[in-house]
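Colleague: Any chance you can model this:
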Amino acid sequence: MRVLPSPIERIWQYLTDSEKRGKWLATGPIEPRVGGAVQFHFLNARLSPEHVPPPEKYSDHENQSMMTGEVLEWHPPTRLRFTRSEPGDHFSEATFDLSRQDEDVLLVITHRKLQNRKAMVGVAAGWHTHLTILEDVLRSRTPGAFWRTFNPLEEEYERRVTPDAERSR
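Modeller: Numbers count the residues shown, from 1 in each chain. The predicted structure is shown next:
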């Protein structure tokens, strides 16, 4: 969840336009309709001018990684939901809900159907990091290096996400 500077249509563009999304998350097309294809090309090292390599366990993310999926809901400018490919032919679901909050926009991301606790921890730290970068971009600040931000957040979520969270997913 993050409160971002408005207008809501601007935030929607940063979710759905490949070039704008590439400044904080990943490039790639989203077909703007239910049933449309989603394709994201992640290159986290390019989200900041500062380069920090990933930790060893994420060394396969040093270069571009890709995610595919399908649009499940498309309601501009307030709701986007799509599946997201995960290892082992598994698909999780990401939902983006936007609402006006006074002069700003509240963005709530809900990510469901993750495979296990390890995925929950990594995805939570990832979204937290990407939203930090999005806020920096929207406020015209230079984002910090992805992995420098991600690493301590992953440690924090490792402590926060309880072992029984996996059963309630």
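Colleague: ok, now how distant is the closest residue to residue 61 other than its chain neighbours from residue 130?
Modeller: Once flanking residues are discounted, residue 61 sits nearest to residue 54: 5.1 Å by C-beta to C-beta, 6 or more residues apart in numbering. Heads up, the C-betas are built off the backbone N, CA and C, glycines and all. Look at residue 54 and residue 130: by C-beta to C-beta, to the nearest Å, they are 14 Å apart.
Colleague: can you check residue 34 too?
Modeller: 24 Å.
Colleague: Pick out whichever of those two has more residues nearby.
Modeller: Set residue 34 next to residue 130 and count neighbours by other C-beta atoms under 10 Å: residue 130 wins out with 23 against 13.
Colleague: phi, psi of the closest residue to residue 103 other than its chain neighbours?
Modeller: Of all residues not flanking residue 103 in the chain, residue 6 sits nearest, at 6.1 Å (C-beta to C-beta, 6+ apart). Here is the backbone geometry of residue 6 (degrees, to the nearest 10): phi -80, psi 180.
Colleague: Give me the number of neighbouring residues for residue 6.
Modeller: By other C-beta under 10 Å, neighbour count at residue 6 equals 16.
Colleague: Quick check: the gap between it and residue 99.
Modeller: Distance from residue 6 to residue 99, by C-beta to C-beta: 11 Å.
Colleague: anything in contact with each of these two?
Modeller: residue 105 (C-beta atoms under 8 Å, 6 or more residues apart in numbering).
Colleague: picking that back up, what sits against the residue nearest to residue 103?
Modeller: 100, 103-105.
Colleague: Give me the pLDDT for it.
Modeller: According to the prediction, residue 6 has pLDDT 88.
Colleague: so how far is residue 101 from it?
Modeller: The gap separating residue 6 from residue 101 is 9 Å, by C-beta to C-beta.
Colleague: got it, and residue 32?
Modeller: To residue 101, residue 32 is 25 Å away according to C-beta to C-beta.
Colleague: go on, residue 86?
Modeller: For residue 86 relative to residue 101 (C-beta to C-beta), the value is 31 Å.
Colleague: of the two, who's got more company?
Modeller: residue 86 (16 against 13).
Colleague: Nearest residue to that one in space, please, no chain neighbours.
Modeller: residue 92 (5.5 Å).
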